[in-house]
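Colleague: All I have is the shape, not the residue letters:
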């Protein structure tokens, strides 16, 4: 990979402090910030479609990425298949993703409470009242929306198919 491309990708991968400053700058410029999160273990068309739809709802898309330890707690000891650095870099290659931030907790509540995005997105299998961070985003004047999944795609199903 060319050094300048790799540097551009790495620049999209942030810590919370640096990202908070960037979000504040984006908001001062009048840009609408969208946030979603997940494990994104084996990137597939369902993930891409979901994130692309989320990106269309604002000007900047932030992805909160579960750390390896968080994924293990949520999905089991055999997960993730790809480590957090690989998953973060893959997400950073997507032109519609503006920032990626890894979080250690089981939920992104701290990220959402700190960043206070204009729009919080989760999959269509969630009810808005059950979305972590929804209360905080709406109390700050933001919106919470759900996006339908592309049927038939999941990292767990892909892993099961590979294992036979």
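Modeller: Perfect, I can see it now. As the structure is a computational prediction, the values presented were derived from the model and not from experiment.
Colleague: C-alpha only now, for contacts and for neighbours.
Modeller: Noted.
Colleague: mind checking the end-to-end distance for stretch 41-50?
Modeller: 14 Å (Cα to Cα, to the nearest Å).
Colleague: Check the offset of it from the chain's centre.
Modeller: Relative to its parent chain, stretch 41-50 has a centroid offset of 11 Å by Cα atoms, centre = their mean, to the nearest Å.
Colleague: likewise stretch 151-164?
Modeller: Distance, centroid of stretch 151-164 to centroid of chain: 20 Å (Cα atoms, centre = their mean).
Colleague: ranges for the helices of this structure?
Modeller: Per DSSP state H, the chain carries helices over the ranges 3-12, 16-28, 45-55, 68-75, 84-92, 109-115, 134-139, 155-163.
Colleague: Contacts made by the first one with the rest, please.
Modeller: To tie it back to what came earlier, the one meant is helix 3-12. 89, 92-93, 98-100 (Cα atoms under 8 Å, 6 or more residues apart in numbering).
Colleague: measure stretch 9-17 end to end?
Modeller: 18 Å.
Colleague: what mean pLDDT does it have?
Modeller: The average pLDDT within stretch 9-17 is 90.
Colleague: Off-centre distance for it?
Modeller: Taking mean C-alpha positions (Cα atoms, centre = their mean), stretch 9-17 and its chain are 13 Å apart.
Colleague: Show me what counts as buried in that stretch.
Modeller: 9-10, 12-14, 16 (16 or more other Cα atoms under 10 Å).
Colleague: Which of these sits closest to residue 31?
Modeller: residue 12 (16.9 Å; Cα to Cα).
Colleague: partner residues bridging the nearest residue to that closest one once chain neighbours are set aside?
Modeller: Nearest residue to residue 12, sequence neighbours excluded (Cα to Cα, 6 or more residues apart in numbering): residue 99, at 4.6 Å. On the basis of DSSP bridges, residue 99 is bridged to residue 62.
Colleague: Next, count neighbours for residue 42.
Modeller: The local packing of residue 42 (other Cα atoms under 10 Å) involves 16 other residues.
Colleague: Local confidence estimate at it?
Modeller: Value listed for residue 42 in the pLDDT field: 88.
Colleague: Report the separation between it and residue 52.
Modeller: 17 Å.
Colleague: Likewise for residue 88?
Modeller: Taking Cα to Cα, one finds residue 88 at 16 Å from residue 52.
Colleague: Residue 45 versus the residue nearest the centre of the chain, what's the distance?
Modeller: Residue closest to the average C-alpha location in the chain (Cα atoms, centre = their mean): residue 63, at 2.5 Å. According to Cα to Cα, residue 63 and residue 45 sit 16 Å apart.
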